[in-house]
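Asker: what shape does this take:
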Amino acid sequence: MHTFEVWAPLVSRVALKLKDAALPMRGPDEKGWWRLRVDGAGPGTEYGFQVDEETAVYPDPRSLWQPHGVHGLSRVYDQTAFDWTDAGFQLRPLSSGIIYELHVGTFTPEGTLDSAIARLDHLVNLGITHVELMPVAAFDGVHGWGYDGVALFAVHEPCGGPDALKRFVDAAHAKGMAVLLDVVYNHFGPSGNYTGKFGLYTIDSHHTPWGGAVNLEGPWSHEVRRFFCDNALMWMRDFHVDGLRLDAVHAYVDRSAIHFLEQLATETRALEAALGRRKVLIAESDSNDPRIVTAREAGGFGLDAQWSDDFHHALFSVLNRGPLEGYYIDFGRMSHLAKALEQTFVYDGIFSKHRKRVHGKAPRNLPQDRFLGYIQNHDQVGNRAVGERLQENAGFERAMVAAAIVLTSPFVPMIFQGEEWAASSPFQYFADHQDPALAKAVSEGRKREFEAFGWDPDSIPDPEKRETFLRSKLKWDEACQGDHARMQAWYRELIRLRRSTPSLSNGEPGNTRVTFDEKERWLMVRRGEIRTLCNLGDRGYAFPVPGGSIVLISSQPGAAVRDSAIELGPDTLAVIKCPET
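Answerer: Below you'll find the predicted structure:
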């Protein structure tokens, strides 16, 4: 026996399609729901819905399993059948975390969640505490980044389906690592989204760069909000995911008295209490708005953390050897990096040349460990014209410097897959849209986008070609060879240092002080007794340090304190410990 239900407040008829039968459903009730209980139906039953007088059969907007893809029939899935073994797992505080972002399809040659399990020991040995999966909600085609999800309650079948995600989470927990999941609640993908057949999930009054805006404040928005909150709670409750990364929350348009983010944070805290397990919510936001990570009691939305793009942009801009374009024109000075390290937001109510307006607000007394710091992620690599890694832009030595600045920063460090060994494989934008017209539009749009920046259109990888996807897969056999092994050893030492040094886990505001020289291009970051010394200039520089200081780690051999100074050559970094005063 199974009760089928679907929210469809504005249609006059809904029929449940089971094999050759079309069974009329009862509804709508006052909230717009249709229901039908069917004896003999249970896990494994395939079904769909017909609406009004249409003969087409549509998948369930809340389908838990789409084994035939997003255009096919839905399948009943039993959330209670999996045999979990993680009862003793406890989530490490985010403030002491090291996050590793990965894309299931390119992380291993097989590109599945089960194959990723075999690589978890690598992450454990590296010192990772939290694994962040790029979106796994079902989307059109076989491979893609995942941000075009349309069946948001179903795990993409080529990744392994719902049971595979549970196996991955259970295995990660067995090794002491948390799992975070990237979710997209600001738009639906362009192909396979049938929610509009059932209700007002999107609205025409607002738009996002990726499609229609989600209806968070208009008529019937209470059930749309319920759809997304229920989705979030499902991942954390039924799949044991430890937290969510919310994609591009600046694209939400919600002027309700209770903002969607506040509602989600409130319901997440209630779930924590019911489960007796901590959960975290991390936002991606372009708004530089401190309310996102300010406690609800203080008038904020109550999320735990957010990505810090200002820190990335400031760091990348001083490392990059080429011209600065796009949003990077707002950065490029050592003073920008110093401000990001000390005050989190560079643009905190000042004029932005790129945006042509005043942008942001100062986070003031917010702890800096409510922000994630990184030099690479899927956007900052994949949204480049050819998806090249940092060492291709800045050089190997500067990539080592960048890693150390990230991992000794006041922010929660995040690493992107393969970064730890300076992977030679790029991470390019790829998709697999089944509609030829849509696929052509995506390919041509990508070329036009970068042609405007002076790129030869023929040099831009075609996102719809399978070789673009295959080219982006990690090459695990290179990780222990040559400079790749050197970089991996560097990351392991940096992570060990961070996790064993209390001063580096102190995210309280005011704990980080930076001095720098714009002309000579050196920087010194002081965090308690730890100092990170960085020389990006063209010649050596002797940093004065207190007597008795010791070198903990250096990107080049031979760095030592002599006569109360340490000299570093160009593109070199050292971390030292100073005597307590």
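Asker: tell me the secondary structure at the closest residue to Pro43 other than its chain neighbours.
Answerer: Among residues not flanking Pro43 along the chain, Asp78 sits closest, at 4.1 Å (CB to CB, 6 or more residues apart in numbering). Where C-beta positions appear, they are placed from N, C-alpha and C, glycine not excepted. Under DSSP: H, G, I helix; E, B strand; the rest coil, Asp78 falls in the coil class.
Asker: hmm, Asp78 is touching Thr45, no?
Answerer: No - using CB atoms under 8 Å, Asp78 is not in contact with Thr45; the gap is 10.7 Å.
Asker: neighbour count winner among the two?
Answerer: Counted by other CB atoms under 10 Å, Asp78 and Thr45 do not tie: Thr45 has more neighbours, with 17 against 13.
Asker: and that one, what does it touch?
Answerer: The neighbours of Thr45, taking CB atoms under 8 Å, 6 or more residues apart in numbering as the test, are His2, Leu18, Arg75, Val76.
Asker: what score does the first one have for pLDDT?
Answerer: When you say that, I think you mean His2. We have a pLDDT of 95 for His2.
Asker: would you map the helices across the protein?
Answerer: 104-107, 113-117, 120-126, 161-174, 221-238, 260-275, 309-319, 334-343, 378-382, 390-394, 396-407, 436-451, 466-471, 482-500 (DSSP state H).
Asker: what sits up against the fourth one?
Answerer: What it means is helix 161-174. So helix 161-174 is in contact with 64-65, 67, 77, 82, 84-86, 89, 112-114, 116-117, 120, 131, 133, 136, 154-155, 159-160, 178-179, 239-241, going by CB under 8 Å, 6+ apart.
Asker: now the angle from it to helix 221-238?
Answerer: Interaxial angle, helix 161-174 versus helix 221-238 (axes from the mean of the first three to the mean of the last three CA atoms, to 10 degrees): 50 degrees.
Asker: residues of helix 161-174 that come out buried?
Answerer: Gly161, Pro162, Ala164, Leu165, Lys166, Arg167, Phe168, Val169, Asp170, Ala171, Ala172, His173 (16 or more other CB atoms under 10 Å).
Asker: from the chain's centroid, how far away is it?
Answerer: 19 Å (CA atoms, centre = their mean, to the nearest Å).
Asker: run through this structure and note the low-pLDDT ranges.
Answerer: 581 (pLDDT under 70).
Asker: buried subset of the contacts of helix 161-174?
Answerer: For the contacts of helix 161-174, a burial check counting by 16+ other CB under 10 Å picks out 64-65, 67, 77, 82, 89, 112-114, 116-117, 120, 131, 133, 136, 154-155, 159-160, 178-179, 239-241.
Asker: show me those residues that map onto strands.
Answerer: Per DSSP state E, strands hold the following members of the buried ones among the contacts of helix 161-174: Val131, Leu133, Ala154, Val155, Ala178, Val179.
Asker: still on that earlier bit, could the helices of the chain go into a markdown table alongside distance to Asn506?
Answerer: Shown next, in a markdown table, are the helices of the chain (distance: least, CB to CB, whole Å):
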| stretch | distance to Asn506 |
| --- | --- |
| helix 104-107 | 32 |
| helix 113-117 | 33 |
| helix 120-126 | 23 |
| helix 161-174 | 27 |
| helix 221-238 | 28 |
| helix 260-275 | 25 |
| helix 309-319 | 17 |
| helix 334-343 | 13 |
| helix 378-382 | 26 |
| helix 390-394 | 27 |
| helix 396-407 | 14 |
| helix 436-451 | 41 |
| helix 466-471 | 41 |
| helix 482-500 | 11 |
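Asker: Ser96 is nearest to which of those?
Answerer: Nearest of the helices of the chain to Ser96, taken as CB to CB: helix 482-500 at 7.2 Å.
Asker: by contact count, what packs against the closest one?
Answerer: On a contact count with 3 or more CB pairs under 8 Å, 6 or more residues apart in numbering; DSSP states H and E, helix 482-500 meets helix 120-126, helix 396-407, strand 412-416, strand 550-554.
Asker: tell me which of those is the most buried.
Answerer: strand 412-416 (a mean of 26; mean count of other CB atoms under 10 Å).
Asker: so what does that one touch, helix or strand wise?
Answerer: Checked by 3+ CB pairs under 8 Å, 6+ apart, strand 412-416 has strand 99-102, strand 371-373, helix 482-500 packed alongside it.
Asker: what are the buried residues along the last one?
Answerer: Looking back up the chat, that one is helix 482-500. The neighbour-count check on helix 482-500 (16+ other CB under 10 Å) flags His484, Met487, Gln488, Trp490, Tyr491, Glu493, Leu494, Ile495, Leu497, Arg498 as buried.
Asker: still on that earlier bit, as JSON lines, the contacts of Thr45 with neighbour count would be great.
Answerer: Formatted as JSON lines, the contacts of Thr45 follow (neighbours: other CB atoms under 10 Å):
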{"residue": "His2", "neighbour count": "16"}
{"residue": "Leu18", "neighbour count": "18"}
{"residue": "Arg75", "neighbour count": "21"}
{"residue": "Val76", "neighbour count": "18"}
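Asker: just give me the closest of those residues to Thr55.
Answerer: Using CB to CB, Leu18 is the member of these that lies nearest Thr55, at 15.4 Å.
Asker: for that closest one, which non-adjacent residue is spatially closest?
Answerer: Going by CB to CB, 6+ apart, Leu18 has Tyr47 as its nearest residue, at 5.5 Å.
Asker: now do the contacts for the one you found.
Answerer: Phe4, Leu16, Lys17, Leu18, Ala41, Asp60, Leu73, Ser74, Arg75, Val76.
Asker: and the fifth one, its phi and psi?
Answerer: The reference is to Ala41. Phi and psi for Ala41, reported as degrees, to the nearest 10, are phi -90, psi 140.
Asker: same deal with the last one?
Answerer: When read as degrees, to the nearest 10, the backbone of Val76 gives phi -60, psi 130.
Asker: tell me the contacts of it?
Answerer: By CB under 8 Å, 6+ apart, Val76 lies in contact with His2, Ala41, Gly42, Pro43, Gly44, Thr45, Glu46, Tyr47, Leu64, Trp65.
Asker: could you do the second one as well?
Answerer: Residues in contact with Leu16, defined by CB under 8 Å, 6+ apart, are Phe4, Ala22, Leu23, Pro24, Met25, Leu36, Val38, Tyr47, Gly48, Phe49.
Asker: so the fourth one sits against Ser12, correct?
Answerer: No - because the distance of 11.5 Å does not satisfy CB under 8 Å, Pro24 is recorded as not touching Ser12.
Asker: ok, those two, which is more surrounded?
Answerer: Pro24 (12 against 9).
Asker: if I look at that one, how far off is Glu30?
Answerer: With distances taken as CB to CB, to the nearest Å, Pro24 is found 19 Å from Glu30.
Asker: circling back: out of the contacts of Leu16, who's the most crowded?
Answerer: Going by other CB under 10 Å, Phe49 tops those with 26 neighbours.
Asker: which residues does it form beta bridges with?
Answerer: Leu16, Tyr58 (DSSP bridges).
Asker: touching, it and Arg62? I think so.
Answerer: No - at 11.0 Å, Phe49 does not count as touching Arg62 under the criterion of CB under 8 Å.
Asker: shared neighbours of those two, anything?
Answerer: Val6.
Asker: how about Asp242: what's its closest non-neighbour residue?
Answerer: Nearest residue to Asp242 in three dimensions, chain neighbours excluded: Ala178, at 4.0 Å (CB to CB, 6+ apart).
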